[in-house]
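Here is the input, now give the coordinates:
(chains A, B, C and D)
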2 protein chains.
Amino acid sequence: MTPLARLVQVHKAIGHPVRLRLLAALRSGPLCGCQMTVIVKLAPSTVSEHLSELRKAGLVTEKKEGRWVEYRLSDSVLRDGILDPVWPALEDDLEAKADAVLVKELRRVPLEELCSVDLDLERLQRPKLASAIAKAARIRTSDEAPR
Amino acid sequence: MTPLARLVQVHKAIGHPVRLRLLAALRSGPLCGCQMTVIVKLAPSTVSEHLSELRKAGLVTEKKEGRWVEYRLSDSVLRDGILDPVWPALEDDLEAKADAVLVKELRRVPLEELCSVDLDLERLQRPKLASAIAKAARIRTSDEAPR
DNA sequence: ACGTTGTTTCGGGAGTTGACGAAATAACGA
DNA sequence: TCGTTATTTCGTCAACTCCCGAAACAACGT
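Numbers count the residues shown, from 1 in each chain, chains lettered A, B, ... in the order given. Next up is the predicted model:
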């Protein structure tokens, strides 16, 4: 793959709202796939495909951790600074800020508890899920967000 | 348009080989549309649409100069450094380097002369023009890397 | 006025992307 | 073992992208 084709792949990966939100969510630390589905509220298969594209572009790495796959920003992202110009813009974005709040809450919920939340039928509805998570989060308030 | 949507628009614009080559070509100075069609060897209408997308993304600006439209990298590109991480990678790219040589040659040809090349319409929009330029530049005949 | 040239817009066709659900796979726990 | 849960792969379909040529538009020279 030529350097130009590589650049195209990377920027195509960045150039999608869902993938950009996933990258932003990972900025505060690693997350597993099921957490990401909660954040962007899409079907697990869709999120998996987005993450696969980010991995192929070298933007995230994945590590199998028991039942879950832990995703994190790749070293090259931090080293090459390819995303450095995007973070400041996201500071002013309402959706990105809401995501950041949700991510922070999610990190306080142990994965076992998060997965036990009954999603019912409507994955698309945010308030119910968010309140369920918030309720679960109120029970546990010990961990602190990394980095 | 939200900051996130704006970022997506910018990176989608960058995430295409032709548009990336156009941006790279503009790095050495302003160019007009007809010069760009020579560089990327696509129909004028196609190049126009690519440039329109780059303009809507705020990456290039255009200024009408007589019959020609002069495109150049926008101030914000240079200010925000959104493209700073891409230039080093293009240094290693064969196609980008060949483009750079051709651009250098093109800049020596006055626009009136470039446009005066007789272009009867066989096959692609202006093969005769392209070959004439290639002959002058002596580079475009040997960049078929097989594999 | 007219023809020429550079550029843009429009319509369409081939190919790609993004979303889903269903099914398959992997790992835990009872 | 079996059932549950997280994740991936696959088939499908709607929507979009990219490229083209034709036509329209804009500006120059004669």
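
Please name the residues that touch the spatially most central residue of chain A.
What sits nearest the mean C-alpha location of chain A, by Cα atoms, centre = their mean, is A:L22, with 3.7 Å. For A:L22, the contacting residues are A:M36, A:I39, A:V40, A:V47, A:H50, A:L51, A:L54, A:V60, by Cβ atoms under 8 Å, 6 or more residues apart in numbering or on different chains. Yep, even glycine has a C-beta here, placed from its N, CA and C like the rest.

now swap in A:V8 and tell me
B:G15, B:H16, B:P17, B:L20.

my read: A:L73 touches A:S28, true?
No. Between A:L73 and A:S28 there is no contact under Cβ atoms under 8 Å: 10.0 Å.

is it true that the residue nearest to the centre of chain A lies in a strand?
No. Under DSSP: H, G, I helix; E, B strand; the rest coil, A:L22 falls outside any strand and is assigned helix.

mind listing what's buried in the helix or strand hosting A:S48?
Element membership of A:S48, judged by DSSP states H and E, is helix A:44-56. Neighbour counts over helix A:44-56 (16 or more other Cβ atoms under 10 Å in any protein chain shown) mark A:V47, A:H50, A:L51, A:E53, A:L54 as buried.

and the next element down the chain from it?
Heading C-terminal from helix A:44-56 (DSSP H and E), you reach strand A:60-65.

Taking strand A:60-65 as reference, get the angle to the helix or strand just after that following strand.
Counting by DSSP H and E, the element after strand A:60-65 in chain order, helix or strand, is strand A:68-73. Here strand A:68-73 runs at an angle of 150 degrees relative to strand A:60-65 (axes from the mean of the first three to the mean of the last three Cα atoms, to 10 degrees).

which of the contacts of A:V8 are buried?
Buried among the contacts of A:V8 by 16+ other Cβ under 10 Å: B:G15, B:H16, B:L20.

can you tell me which of those are up against chain A?
Among those, the ones lying near chain A by Cβ under 8 Å from any Cβ of the partner chain are B:G15, B:H16, B:L20.

wait, which of those is closest to DNA strand C?
Nearest to DNA strand C among these, counting by Cβ to the nearest atom of the strand, is B:G15 at 9.5 Å.

Please list all residues in contact with the closest one.
A:V8, A:Q9, A:V10, A:H11, A:K12, A:A13, A:I14, A:G15.

How about the fourth one: what's its closest non-neighbour residue?
Right, the one you point to is A:H11. Nearest residue to A:H11 in three dimensions, chain neighbours excluded: B:G15, at 3.6 Å (Cβ to Cβ, 6 or more residues apart in numbering or on different chains).
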